[in-house]
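Asker: When you get a sec, could you give me coordinates for this:
(chains A and B)
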Amino acid sequence: MRVIVDLPKCCGAGQCVLIAPQVFDQQDDGIVILLDEAPPKEFHAATREAASVCPGAAIQLEEDA
Amino acid sequence: MNPSSVLVVGASVGGLAVAEGLRREGYEGALTLLGAEQHLPYDRPPLSKKVLSGALAPAQTQLRPEAALERLGAALVLGDPAVRLDVTAREVTTAAGRHLRADVLVLALGLQPRRLPGDALAGVHVLRTLDDAIALRAALLTGPRVVVVGDGVLGTEIAATARSMGLDVTLVGPQPAPLANQLGLRVGGVLARLHEGHGVVLRLGVGVDDLLGTEGRVSGVRLASGEVLPADVVVVAMGSRPAIGWLEGSGLPLADGIVCDARCKAADGIYAVGDVAWWHHEGLGTGMRLENRTNAVEQGIAVAGNILGKDRPYTPVPYYWTDQFDVKIQVHGLLSGHTDVAIVEGDPARGQFVALYGRHGQVTGVLGWNMMKQARQFRPHVVERTAWNDVVPATRSVTLADGPSTKTVAI
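Answerer: I've put the predicted structure just below:
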């Protein structure tokens, strides 16, 4: 899995940090920080949920074939 | 036992969240997404901001690339609104005459904007769909005088965007300050000053009597005070109602939305999601309906789980945000009905603060004004409903409930 964040779309909600803190953090101004662009398998479910919940639709995932 | 077919009526963010949630949880049965609009699922929050301003092209609002939608393995039926529901057979009839039946139905129908009498005049706009946003942007590019009717989130966002495009903008609404019913007078007042500081003309605390027109085109707005505001474009953003008119007489329980239990179930095998779902929030002990994007997604995910037998009540911490001019406002929890407000970080005068909201001695909500991360860090107090006096420093002043009894006291 590869995680891509579209920074201009980030609204700073921090929902991703709540759901997958191993993969996402926030800068002081609220904008997302991608901690791991290829998270290990145990974080995949949380990362998918974070991408789905992201209020700005700023997180896209490329799943391995 | 898992159903063998699921039909999701509504192909916006809530409907998509149900579909994605089902597949994430391993559902392999038939899946259909039925949408009233022609567009592939797209995102609405940018419409009043970046799409209107032109910072985002309409195509960039699409929620998923086509490859991701294909991987979803769902039949997408677009541009065909549902017109009739048979609750017992779980069958939906569409405007084009399709009959779609499934083991489980999910109604993710969204909202319809409220309208004003006389809004058939050219130059009068509402903003709900991508096509609405494209049409309004085209109108704004002609450099009109704009009157926005509505002092809620959508109205204030549109006013801010239009003003940022250099237009003459007047914002009209019945509240004493924008969003005062939710945010209270203190923070609503900060919002009013933000708009005035950027040159938006405010006409607040007054209703609209009439839209005026000449030769079929809007020419102004007449207020209840008698004042007439000249306008080339009028945007009506006076709230919305659930798009459930077509369900009347179906036997489904309807009130201010589709009435659901704590698991978002409205009838056997029928669930509701997002703006239209009025459900019982077990954590807060009350029925509610939330009109925001985050709720549509979280409720969609919860319903997907319940369809597959998780049997869990849906008990979210509500969340929404709004961007206006250079300010990003984040709201966690419920602010409405609050009796206490306190600024716990920052300072409104410096354009950065966190306001805590409480009711009956407990923290119920938090608002961040250009302090997104700090606002989120107060969220646990909302989740735990922490005692007000445990969080708010005794030295901070607290504004008691707005309204006739408004007063500021030091505690």
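Asker: pretty sure residue B:274 contacts residue B:16?
Answerer: No - the pair formed by residue B:274 and residue B:16 falls short of the contact definition of Cβ atoms under 8 Å, at 10.4 Å. All C-beta atoms are positioned from the backbone trio N, CA, C, and that covers glycine.
Asker: Tell me which of those two has more neighbours.
Answerer: For residue B:274 against residue B:16, the residue with the higher neighbour count under other Cβ atoms under 10 Å in any protein chain shown is residue B:274, and the figures read 33 against 29.
Asker: For residue B:270, grab phi and psi.
Answerer: Residue B:270 has phi and psi values of phi -130, psi 120 when expressed as degrees, to the nearest 10.
Asker: Pretty sure it sits against residue B:87.
Answerer: Yes - using Cβ under 8 Å as the test, residue B:270 is close enough to residue B:87 to be in contact (6.6 Å).
Asker: what do these two both touch?
Answerer: With Cβ atoms under 8 Å, 6 or more residues apart in numbering or on different chains applied, the overlap between the contact sets of residue B:270 and residue B:87 consists of residue B:252.
Asker: Please say which of those two ends up with more neighbours.
Answerer: Neighbours per residue, other Cβ under 10 Å: of residue B:270 and residue B:87, the larger number sits with residue B:270, 20 against 16.
Asker: Spell out which residues of chain B are next to chain A.
Answerer: Taking Cβ under 8 Å from any Cβ of the partner chain, the part of chain B that reaches chain A is made up of B:17, B:20-21, B:24, B:43, B:45-46, B:63, B:65, B:71, B:293-294, B:297-298, B:301, B:319-321, B:323, B:328, B:330, B:371-373, B:376, B:379.
Asker: So which of these are in strands?
Answerer: Under the assignment DSSP state E, these contribute B:319, B:320, B:321, B:323, B:328, B:330 to strands.
Asker: residues in contact with the closest residue to chain B within chain A?
Answerer: Taking Cβ to the nearest Cβ, chain B has its nearest neighbour within chain A at residue A:30, 2.7 Å off. Taking Cβ under 8 Å, 6+ apart as the criterion, residue A:30 is in contact with A:10, A:12, A:14, B:328, B:330, B:371, B:372, B:373, B:376.
Asker: isn't residue B:37 right next to residue B:11, touching?
Answerer: Yes - applying Cβ under 8 Å as the test, residue B:37 and residue B:11 come out as touching, 7.5 Å apart.
Asker: who touches both of those two?
Answerer: With Cβ under 8 Å, 6+ apart as the test, residue B:37 and residue B:11 both reach residue B:78.
Asker: which residues of chain A score low on pLDDT?
Answerer: Confidence mapping of chain A against pLDDT under 70 gives the ranges A:65.
Asker: So which bits of it are right by chain B?
Answerer: Counting by Cβ under 8 Å from any Cβ, the residues of chain A lying close to chain B are A:9, A:11-15, A:17-18, A:26-30, A:45, A:48-49, A:52-53, A:55-57, A:60, A:63.
Asker: taking these one by one, which sit in strands?
Answerer: In strands, defined here by DSSP E, the members of the residues of chain A next to chain B are A:26, A:60.
Asker: Narrow the residues of chain A next to chain B to those that are buried.
Answerer: A:9, A:11-15, A:17-18, A:26, A:30, A:48-49, A:52-53, A:55-57, A:60 (16 or more other Cβ atoms under 10 Å in any protein chain shown).
Asker: Run through the residues that contact the nearest residue to residue A:27 once chain neighbours are set aside.
Answerer: Distances taken as Cβ to Cβ, 6 or more residues apart in numbering or on different chains put residue A:33 closest to residue A:27, at 5.8 Å, once the chain neighbours are dropped. Shown here is residue A:33, whose contacts under the criterion Cβ under 8 Å, 6+ apart are A:24, A:25, A:26, A:27.
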